[in-house]
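# How does the following fold in three dimensions:
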Amino acid sequence: MAHWIKNAHRPETIRQAKEAYFERMSMCGVERVFQVPHQRLAIWLKEEAETLPDLETTLAEPAEEDALELDELWSFVQKKDNKRWIWIALLRSTRQIVAYAIGDRSEATCRRLWERIPSALSSPANLQRLLGSLSKVVPPEQHQAVGKETGQTAHVERWNNTLRQRVGRFVRTTLSFSKSEPFHEIALKLFVFRYNRRRLALISQT
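The predicted model follows:
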């Protein structure tokens, strides 16, 4: 245990452990490989989430004619009966997440997503594949309902798969799952920021 505690204070161990977690290694797996208590990893992740700036700071400039792709994916906390829907708004040109919200499938959660979209980005035509709540929130002149078969929401649906592939707690059938609402959102927030920053770095190189 003393060796584990010593490891937990090494900056490189902290960095590697957090990166491993976002490559779908479980918290207990991180504990075994890096010899740091999984409780310590949870503290590191929470501390990082608390220091993050506004999501807007991670965004690249949108294209002159652009569109937002909106979608939601199912997740749960503690048990599958406690469903937590993740609502996502993705900018098509940069493939970056411009806003997200966690809640149920109600109009209220959809409205929270819409209100989090930066004002400069809330004017493009918005594309989504699920009718209902979105049509009650997004202005009709900005909203275009499209089916999955059209391919118009391919980027955001691909992002949903990326999230499930990279963070075990968001997989549909898994032994890894969130045990608390706050940490469910912390894990999502950290992943979104990592994803956006990597996309920004790629865009900057082109």
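# any idea of the mean pLDDT for the lengthiest helix in the chain?
Using DSSP state H, we find that the single longest helix of the chain is helix 181-205. The predicted model gives helix 181-205 an average pLDDT of 95.
# got the residue ranges for the helices in the chain?
2-7, 11-21, 27-34, 38-51, 107-116, 133-137, 154-166, 181-205.
# want to try JSON lines for those helices, with distance to Ile97 and mean neighbour count as columns?
The C-beta positions use only the backbone N, C-alpha and C, and glycine is treated the same way. Shown next, in JSON lines, are the helices of the chain (distance: least, C-beta to C-beta, whole Å; neighbours: other C-beta atoms under 10 Å):
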{"stretch": "helix 2-7", "distance to Ile97": "33", "mean neighbour count": "12"}
{"stretch": "helix 11-21", "distance to Ile97": "19", "mean neighbour count": "16"}
{"stretch": "helix 27-34", "distance to Ile97": "23", "mean neighbour count": "16"}
{"stretch": "helix 38-51", "distance to Ile97": "15", "mean neighbour count": "15"}
{"stretch": "helix 107-116", "distance to Ile97": "11", "mean neighbour count": "18"}
{"stretch": "helix 133-137", "distance to Ile97": "17", "mean neighbour count": "17"}
{"stretch": "helix 154-166", "distance to Ile97": "7", "mean neighbour count": "17"}
{"stretch": "helix 181-205", "distance to Ile97": "5", "mean neighbour count": "16"}
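# Which one, of those, ends up nearest to Arg92?
Taking C-beta to C-beta as the criterion, helix 154-166 is the member of the helices of the chain that comes nearest to Arg92, at 5.9 Å.
# on contacts alone, who are the packing partners of the longest helix of the chain?
With contacts defined as 3 or more C-beta pairs under 8 Å, 6 or more residues apart in numbering; DSSP states H and E, helix 181-205 has these neighbours: helix 38-51, strand 67-77, strand 79-91, strand 96-103, helix 154-166.
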